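1. What follows is a predicted protein model with its sequence.
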Amino acid sequence: MTIYPKLITEALSQVRYPGNGKTLVENEMVEDDIRIEGNKVTFSLIFERPTDPFIKSVVKAAETAILTYVGKDVDIQGNIQVKTKQQPKVKAEEPLKGVKHIIAVSSGKGGVGKSTVAANLSVALARLGFSVGLLDADIFGPSVPKMFGVEDARPYLVKVEGADMIEPAEKYGVKMLSIGFFVDPGKALLWRGAMATSAIKQLINEGNWGELDYLILDMPPGTSDIHLTLIQTLKISGAIVVSTPQEVALADARKGLEMFMNDKVNVPILGLVENMAWFTPAELPENKYYIFGKEGCKKLAEELNVPLLAQIPLVQSVCESGDAGAPVASQDANNPTSQAFIQLAGKVLEATKKK
């Protein structure tokens, strides 16, 4: 088998960079240093920055393309060198300088509806006439693309003051960025903490957020490196902690509140949101069934002297709307659950003014 450099570039023209959907050749990522010694092929791929989250997956895809389109006997694995170049960036000391208020929506544990609250709060604020952004900071379980019905969106790069910036997707008046736009939704994300925090910083510093009244952070559950990164990187206006009334969830919610109230963190607590406060069947809208316990968040709020911002009922339409990519807050304002999120948005407005 005779291998020519043109065969290599043709194979690499089949590989697309996840960041913008263009091929490696179109992005000029293949350096002009292809070396061929018998069946052994070596060359370099150029990335914009050393922290690019797609380096490993792109290198693997390049190896696969060469073995597929050039020949399975090509000695390529481990022979692709990675080089990086620096581009102008937004000043690290001024992240999100056009954003007036940054609200962190957090939870002590998963499964309590944190992302549902973050998504619907964002839509509700937009419906009230505010410019709103939503950053899906839940790196290992991104759900914003699904909840807004924009799984196929592929944010692209735009030039802003000479720097390459990521243009957020937008729907229901909410600008949004999520790692879910850049990874295969069907595969687990096997990243160490440093890679995850690097990806978050990239979405923050290189997102073309523009001027916003509110940026909602859908944070991962629990307390982790990502929480510390967000707290240290951004000037967070306040935090909302979401929990169900269940005792197990409340124990973790308490830890989440204590994280923000820690002297070294000192992020203002806007309040608690009790999600799945009761179950109301569609055919019996006046009935309430407290299947996870009654007023657990209300009692915790009173104990810790923090506001209870809302009690959101568990109704089938909330789940169905999220799965269908249409947050319930985007629906008719006469919908009781939609009203609950509009009222929550009003409470958040009041709380940020006080802070």
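-> Sure thing, it's come through.
2. List the contacts of the nearest residue to Gly108 once chain neighbours are set aside.
-> In this structure, Gly108 finds its nearest non-sequential neighbour in Asp252, 2.7 Å apart by CB to CB, 6 or more residues apart in numbering. No exception for glycine: its C-beta is placed from N, CA and C like everyone else's. Counting by CB atoms under 8 Å, 6 or more residues apart in numbering, Asp252 touches 107-109, 222, 243.
3. Then Arg154?
-> With contact taken as CB under 8 Å, 6+ apart, Arg154 is in contact with 20-21, 181.
4. cool, and Val70?
-> Counting by CB under 8 Å, 6+ apart, Val70 has contacts 3, 7-8, 11, 41.
5. if we go to 6 Å?
-> Neighbouring residues of Val70 by CB atoms under 6 Å, 6 or more residues apart in numbering: 7, 11.
6. go on, Gly111?
-> So Gly111 contacts nothing (CB under 6 Å, 6+ apart).
7. where's it relative to Asp75, distance?
-> 48 Å (CB to CB, to the nearest Å).
8. try Ile46
-> Counting by CB to CB - Ile46 and Asp75 are separated by 22 Å.
9. Can you tell me how far the closest residue to Gly21 other than its chain neighbours is from Lys109?
-> Distances taken as CB to CB, 6+ apart place Arg154 nearest to Gly21, at 5.1 Å, with adjacent residues excluded. Per CB to CB, Arg154 is found 32 Å from Lys109.
10. before we move on, what about Thr116?
-> 14 Å.
11. Please apply the same query to Ala301.
-> 18 Å.
12. who has more neighbours, these two?
-> Set side by side, Ala301 and Lys109 show more neighbours around Ala301, with 23 against 20, by other CB atoms under 10 Å.
13. Sticking with the more buried one, tell me its helix or strand.
-> Using DSSP states H and E, Ala301 falls within helix 296-304.
14. Surely Glu31 is in contact with Ser44?
-> Yes: applying CB atoms under 6 Å, one finds Glu31 in contact with Ser44, separated by 4.1 Å.
15. Provide the backbone phi and psi angles at the closest residue to Leu344 other than its chain neighbours.
-> Using CB to CB, 6+ apart and skipping the chain neighbours, the partner closest in space to Leu344 is Ala310 (4.1 Å). Note on Ala310: its backbone torsions stand at phi -170, psi 150 [degrees, to the nearest 10].
16. Repeat that for Leu314.
-> phi -90, psi 110.
17. which residues are contacting the strand or helix carrying Leu272?
-> Using DSSP H and E, Leu272 falls within strand 269-279. Strand 269-279 has contacts (CB under 6 Å, 6+ apart) with 112-113, 117, 238-242, 244-245, 260, 288-292, 297, 301, 306-314, 351.
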